[in-house]
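Participant: mind looking at a prediction? Sequence and model below.
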Amino acid sequence: MQPLDPSPHAPANPQKARSGLNRIWHATGYSLEGLRAGWNEKAFRQEAIAAVVLVPLSFWLGRSWVEVALLAGSVVIVMIVELLNTGIETAIDRIGPEWHDLSKRAKDMGSAAVLLSLLLCVGIWSAALFQRFFHG
């Protein structure tokens, strides 16, 4: 019978053994795959389409680089949190389709994180729009 792991110090993930530009190159590929996978999720796709409009609009609406960064950043944060939430949901679904209280809790907390990021984004954009159009 052969041992399952001939080298006790061999990494389970080959990415861990990479370094320098080779690691960055492969990590970039994994990140692009993650964005492609995210695009297959309806919520992320809607947020990405909104970002195509809102990020350029932030350059018009913002009166300083700080305002532009807050406006554009709040939109990007929503997308980041959505990807993390989808990652949580995907990992939970991989474990099994049966209902479990801890699985529900993890999914609910991911969903709550998306809600909070959306509220933050709406709050920042509402304040900027109010400042621009009603407070001179």
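Facilitator: Here it is on my side, so go on.
Participant: hmm, who's touching stretch 94-107?
Facilitator: 88, 89, 92 (Cβ atoms under 8 Å, 6 or more residues apart in numbering). From N, CA and C alone the C-beta is placed, and that goes for glycine too.
Participant: in three-state terms, label the residue nearest the centre of the chain for me.
Facilitator: Centrality entry for the chain: nearest residue to the mean C-alpha point is residue 80, 2.1 Å, by Cα atoms, centre = their mean. Under the three-state scheme (DSSP: H, G, I helix; E, B strand; the rest coil), residue 80 adopts helix.
Participant: OK, contacts around it?
Facilitator: Contacts of residue 80 by Cβ under 8 Å, 6+ apart are residue 117.
Participant: go through the contacts of stretch 94-107 and flag which are in helices.
Facilitator: Members of the contacts of stretch 94-107 lying in helices (criterion: DSSP state H): 88, 89, 92.
Participant: the second one - nearest residue in space that isn't next to it in sequence?
Facilitator: Spelled out, it's residue 89. residue 107 (5.7 Å; Cβ to Cβ, 6 or more residues apart in numbering).
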